[in-house]
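Engineer: Predicted coordinates and the sequence they were generated for:
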Amino acid sequence: MPELPEVETIRRQLCEAGVEGRIIEKAHIEWPRTVEPLTPVAFRKAVQGRTLEKIDRHGKWLIFQLSGNEKLLVHLRMTGGFSFSPGSHDRAILHLSGGLILYFKDPRKFGRWRLAASLDGLGPDALTVTKKDFFQALEGKDKVLKALLLDQSFVAGVGNIYADEALFEARLDPRRCSGTLSEDEISKLWKAVRKVIEAGVRNGGTSLGDGQGNYVDLNGEAGGHREKVKVYGRAGQPCVVCGQPLHKTQIAQRTTVFCTHCQK
DNA sequence: GAAGACCTGCTA
DNA sequence: TAGCAGGTCTTC
């Protein structure tokens, strides 16, 4: 479900709702694997009584800074999300001071909560990555562009929707290898990643179709980015630039849509 | 690389 | 009923 813009939208809404500064009075884990490798009992003991001091994000990870210099790291994977009201897919529940209850809903049960001192193995955040850091992250990498953008150790936060959108924006063929890019093309790709991710955040994230994994924010609102998507989910429909039907294929085991005429 | 695993529920 | 989904990890 969520890529960086959806996670960032959720983060901002949690902050606006005043989650920061509250104490975790009780934690209930409904689906034990959510907190693996800890058991629900161990997890509960570890977080109860701690304060949720600050909510940060890096790539697709939400980072709840806890008192005691520990972090609760949350990855929503495909269908995770938060709500302040109960539902039928609640996998973990935090009772916060002041009577606020935070429900973690995750129909497909892929989402993960981890306790750790740090988050590692991730490249620079896609929302803020500088041109210099983008070039540096690319050094020594020779990968098919679609796979490169999905690689969280390269740049963190890009998923299947925004990878296809960024490659269209940069007019680059997703099958190209990064080693063949000119400096100008790398620069275009950097600009494109920043542009599509920023647009996604501005619009409150993307939601597509009406499926159960469909992204909705904490207020149950669908992301406004849906209409802005130019290639993802538009296979067979006309390219917004040249009018040719968009091509669908599989790259790196992921459905990929692009324009064979515009993207070189 | 590619395929399977982890999961549920919607669409064709 | 088969196929598909915004993600990542493990195992050929």
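Structural biologist: Looks like it arrived, so ask away.
Engineer: which residues does the closest residue to A:Phe110 other than its chain neighbours contact?
Structural biologist: Of all residues not flanking A:Phe110 in the chain, A:Arg77 sits nearest, at 3.6 Å (CB to CB, 6 or more residues apart in numbering). The C-beta positions use only the backbone N, C-alpha and C, and glycine is treated the same way. A:Arg77 sits next to A:Met1, A:Asp106, A:Arg108, A:Phe110, A:Gly111, A:Arg112 when contact means CB atoms under 8 Å, 6 or more residues apart in numbering.
Engineer: okay, the first one: pLDDT?
Structural biologist: Okay, so that is A:Met1. Here the pLDDT value assigned to A:Met1 is 69.
Engineer: Residue of chain A nearest DNA strand C, please.
Structural biologist: Sorted by distance to DNA strand C under CB to the nearest atom of the strand, the residues of chain A start with A:Gly159, at 1.8 Å.
Engineer: check contacts around that residue.
Structural biologist: By CB under 8 Å, 6+ apart, the residues touching A:Gly159 are A:Pro2, A:Glu3, A:Leu4, A:Lys60, A:Leu150.
Engineer: and the second one, backbone torsions?
Structural biologist: With angles defined as degrees, to the nearest 10, A:Glu3 sits at phi -110, psi -170.
Engineer: Does it touch A:Val201 like I think?
Structural biologist: No - with contact defined as CB atoms under 8 Å, A:Glu3 does not count as touching A:Val201 (10.3 Å).
Engineer: Compare neighbour counts for these two and give me the winner.
Structural biologist: Neighbours of A:Glu3 and A:Val201, each counted by other CB atoms under 10 Å, are more numerous for A:Glu3; the result is 24 against 18.
Engineer: Leaving out sequence neighbours, find the closest residue to the more buried one.
Structural biologist: Distances taken as CB to CB, 6+ apart place A:Gly159 nearest to A:Glu3, at 3.6 Å, with adjacent residues excluded.
Engineer: does any part of stretch A:255-264 sit near DNA strand C?
Structural biologist: Yes - Stretch A:255-264 reaches DNA strand C (CB under 7 Å from any atom of the strand) through A:Thr255.
Engineer: List of residues touching that stretch?
Structural biologist: Residues external to stretch A:255-264 that are found in contact with it (CB under 8 Å, 6+ apart): A:146, A:160, A:163-164, A:167-168, A:171-174, A:231-235, A:239, A:241-242, A:244, A:246-250.
Engineer: Check stretch A:114-123 too.
Structural biologist: A:35, A:38, A:43, A:46-47, A:58-59, A:61, A:63, A:69-75, A:129, A:137, A:151-156.
Engineer: which of these are buried?
Structural biologist: Buried residues within these, defined by neighbour count using 16 or more other CB atoms under 10 Å: A:35, A:38, A:43, A:46-47, A:58-59, A:61, A:63, A:71-75, A:129, A:137, A:151-152, A:154-156.
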